[in-house]
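Enquirer: Fold the following.
(one chain, ligands or ions: 1)
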Amino acid sequence: MTTQKGEGGRKMRMCDACGKHIQSGTRVSRAILCRTCLPDVLAEVERIRAEGKPTDALVIARRLFRETHSAGSYLLRDIPEQLWTAAKHKAVDEGLNLRELILKALQEYLG
Ligand SMILES: [Zn+2]
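Expert: As a prediction, this is how the structure comes out:
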């Protein structure tokens, strides 16, 4: 959890995922989260747990924080499996990696 001294020495808490000041957050293991970020972090915890990997809500929260605050980056969750499989096949066919394929598709779509 991230703490900051607020006015008058009162401790202000910050959401570990978005950095907003919060009055009362929800604690998930070592992380403290606002109402908006809680479902995102929990979904990610579930997803990682389903892969049989160890989960750490604080690590996930900090990653979300970095993603939110870094320009030009966007994490896309829950891509329909069929679409993702088709994208991977297309990437192989065209000799592109997935990043190149996605950027190309976006560029073509936006004209
Ligand atoms: Zn938040």
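Enquirer: what's around residue 13, how many residues?
Expert: By the other CB atoms under 10 Å criterion, the neighbourhood of residue 13 contains 18 residues. (Each C-beta comes from the backbone N, C-alpha and C, glycine too.)
Enquirer: for it, which residues make a bridge with it?
Expert: Here residue 13 sits in beta bridges with residue 3, residue 22, going by DSSP bridges.
Enquirer: Does it touch residue 34 like I think?
Expert: No: taking contacts as CB atoms under 8 Å, residue 13 lies outside contact range of residue 34: 9.3 Å.
Enquirer: Which parts of the protein are helices?
Expert: With DSSP state H, the ranges of helices along the chain come out as 37-50, 57-69, 81-94, 98-110.
Enquirer: hang on, the earlier thing: identify the contacts common to residue 13 and residue 34.
Expert: Among the neighbours of residue 13, those also in contact with residue 34 (CB atoms under 8 Å, 6 or more residues apart in numbering) are 22, 25.
Enquirer: Identify the residue spatially nearest to the residue nearest to the spatial centre of the chain, adjacent ones excluded.
Expert: For the chain, the residue nearest the mean C-alpha position is residue 64 (3.7 Å; CA atoms, centre = their mean). The shortest distance from residue 64 to any residue that is not its chain neighbour, by CB to CB, 6 or more residues apart in numbering, is 4.3 Å, and that residue is residue 17.
Enquirer: How about residue 104?
Expert: In space, and not counting its chain neighbours, residue 104 is closest to residue 96: 6.9 Å by CB to CB, 6+ apart.
Enquirer: hang on, that neighbour packs against residue 102?
Expert: No: under the criterion of CB under 8 Å, residue 96 is not in contact with residue 102, lying 9.2 Å apart.
Enquirer: Any figure for the gap between residue 99 and residue 109?
Expert: From residue 99 over to residue 109 the distance is 16 Å, taken as CB to CB, to the nearest Å.
Enquirer: I should have written residue 38 there, sorry.
Expert: Distance, residue 38 to residue 109, using CB to CB: 33 Å.
Enquirer: Compare those two and say which is more crowded by neighbours.
Expert: Neighbours per residue (other CB under 10 Å) separate residue 38 from residue 109, with residue 38 holding more: 19 against 7.
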